[in-house]
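In: after the sequence you'll find the predicted model.
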Amino acid sequence: MSRILQAVRGMNDILPEHSPAWQFVEDRTRAVLESYGFREIRLPLVEKTELFRRSIGEVTDIVEKEMYTFEDRNGDSLSLRPEGTAGCVRACIQHGLLGSQVQRLWYGGPMFRHERPQKGRYRQFHQIGVEVFGLEGPDVDAELLMLTARLWKQLGIEGVQLQLNSLGTSEARARFRDDLVAWLRTRFDQLDEDSQRRLDSNPLRILDSKNADTQALLEQAPRLWDYIDEASRSHFEGLCALLDAAGIAYEVNPRLVRGLDYYGRTVFEWVTDQLGAQGTVCAGGRYDVLVEHLGGRATPAVGFAMGLERLIALIEGQGVALPDPSPHLYVVAAGEQAQREGLLLAERLRDALPGLRVLTHCGGGSFKSQFKKADRSGARWALVLGEQEVQQRQAGLKHLRGDTGQETLPFDTLTERIAQLLG
Ligand code: ATP
Ligand code: MG
C-alpha cells in the first residue's frame, strides 16, 4: 500500500464544517466594504521577488526569513506573496489607476510566509486587505478605522481593542533611530538576544519586543514621539479628534511599530487577549512613500490587512451565531419511477424558490435508510415520494425537526406550501 501524503506543514485545509464561518466573514466583510465604496481588485499569488524586496524592505523578517522564493523555468526569481499591498500598488501603477482619481480597493486570499506554525500563525494564511490611494488627510485614516469598528460589530465580535501610533516622517524616524541605537548600544548586555540582533538590522522592531526586561529597559529610552515633525503631529491629533467624535475607543501605544519598512505617520492594530500570543487580528497604517518608491508618481496611501484565521478563531471561540447551511428539504424517493420524479420535482422547486436548499437522495435504497440519511443531513423537511404518490401526482411532506407531522400535498401546491413554511 502506498504512503498517504499529508498537506504541507502550516498549510491548512478548510473543511466543510468550518466553511460557514469563513463564508460569514467574507460575506459580511464584502457588504461593509461596499457600503464604504470599496471595489475589489484580484491580484496574482506570485510576483517577482524584486517587488517584495523593494516594497517590504531588505532587512525585515518577511524578506530575510519568511518568503517562499524560487526560480521559475526561465531563471526568474519569483515569490509567493507574503502580503498584498506590494502587488496592489504594482498593479495600480502598471494599469494607470493612480492618476488624479482616488482609489478605494480591497482584495482577499491566501498569503505565504515560512514562519514557525503555531496557533494563529500558519505558512499559508488568508487576509482581506484594504488600500486607499490619493488621500492624505487624517479623515480617511479615521474612516478606515470606523469601517473596521463597524465590521467587528457586523461580525458579532467583542473585545478587540484599537492601538494607535504615529511614526512621523522617515527623516524623523531616522533621527530617532540613530539616538535609540546609540542609547541601546551602551546597554547592549541588557537586551534579549533577538533585540541584540535587531540593533544593527532593524532597531525600531526592538520597540515591539515581547521580552519583559527589554520592555522595562525601553521605558527609559528615547521616545519616538519627541522626534515627530509638526505636520505628522497635527495629522495624528486630527485623527484622534475624529475617532473621539465617532465614539471609537483607542489607546495610544508609543511602542507600536510595524514590521514593514514602508509605513509612516499613522499605524494601528486591533488586538485581543482572547487568542493567546497571536492577538493582532488587523493591522495597518499610512504608507505615503511607497507608490513613488515603486516607480509611480507620489501618491498618499493608507490601508490595512486582517488575518482571517484569527478572526474566525474569535468568532468560533465567542460562539457567534452562524447561518445554518443545512438543506431545507431532503427528497426521499423509493422505486425507479419515484426517484426519477423526485429529481425533476427538486429541479422545479429550485426554479420556483431561489435560495431553497434541496438535497435529493440519489442512489436508491429503502425508505428506512433514506429517512436515516434525511435526518442526518440536518434538513427541516423530507419530501416523500413512493410509487403510489407519483401515480396520484402528490407527495408527502414530513417535518423532521421538533414537530414531526406529515402532510400530503398535490404536486401543484408544493411550491406554495414550502414558501409558506419558509416564512
Ligand atoms: P505578527 O506580528 O503577528 O507576525 P505581522 O505584523 O507580521 O503580524 P501583518 O503583516 O501586519 O502581520 O499582517 C496583517 C495580519 O495578518 C496580522 O495582524 C495577522 O492577523 C495576520 N497574519 C500575519 N501573519 C500571519 C500568519 N503567519 N498566520 C496567520 N495570520 C497571520
Ligand atoms: Mg509576522
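Out: Everything's here; your move. Numbers count the residues shown, from 1 in each chain. Ligands and ions are numbered 1, 2, ... in the order given.
In: residues from the protein in reach of ligand 1?
Out: The interface of the chain toward ligand 1, taken as CB under 6 Å from any ligand atom, is made up of 83, 113, 115, 120-122, 125, 127, 259, 278, 280-283, 305-307, 309-310. For the C-beta atoms, the positions are set from N, CA and C on the backbone; glycine is no exception.
In: same thing but 8 Å
Out: Applying CB under 8 Å from any ligand atom, one finds that the chain approaches ligand 1 through 10, 61-62, 82-83, 111, 113, 115, 120-123, 125-127, 208, 258-260, 269, 278, 280-284, 304-311.
In: what about these, which are in helices?
Out: Secondary structure assignment (DSSP state H) places 61, 308-311 from the residues of the chain next to ligand 1 within helices.
In: need the residues you listed in CSV with neighbour count, can you?
Out: Output for these, formatted as CSV (neighbours: other CB atoms under 10 Å):
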residue, neighbour count
Asp61, 19
Leu308, 23
Glu309, 21
Arg310, 24
Leu311, 26
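In: turn the residues you listed into a markdown table, including pLDDT.
Out: Rendered in a markdown table, the data for these read as follows (pLDDT from 0 to 100):
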| residue | pLDDT |
| --- | --- |
| Asp61 | 84 |
| Leu308 | 98 |
| Glu309 | 97 |
| Arg310 | 97 |
| Leu311 | 97 |
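In: how about the strands in the stretch 251-400 of the chain?
Out: Under the criterion DSSP state E, counting those that start in this stretch, strands of the stretch 251-400 of the chain are mapped to 251-252, 264-271, 280-286, 301-307, 329-333, 358-360, 381-385, 394-399.
In: so which of those strands comes closest to Val160?
Out: Nearest to Val160 among the strands of the stretch 251-400 of the chain is strand 264-271; the distance by CB to CB comes to 4.7 Å.
In: okay if I get the ones in helices among the residues of the chain next to ligand 1 as a markdown table plus distance to Asn253?
Out: A markdown table is the format used below for those (distance: CB to CB, whole Å):
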| residue | distance to Asn253 |
| --- | --- |
| Asp61 | 20 |
| Leu308 | 24 |
| Glu309 | 24 |
| Arg310 | 19 |
| Leu311 | 21 |
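In: identify the farthest-apart pair in those.
Out: Spatially, the most separated pair among those is Asp61 and Leu311, at 22.2 Å (CB to CB).
In: backbone phi and psi for the nearest residue to Asp412 once chain neighbours are set aside, please?
Out: Across the structure, with CB to CB, 6 or more residues apart in numbering as the measure, the residue nearest Asp412 apart from its sequence neighbours is Arg393 (7.8 Å). Its backbone dihedrals place Arg393 at phi 50, psi 50, with angles given as degrees, to the nearest 10.
In: got the contact list for Arg393?
Out: Listed by CB atoms under 8 Å, 6 or more residues apart in numbering, the contact partners of Arg393 are 410-412.
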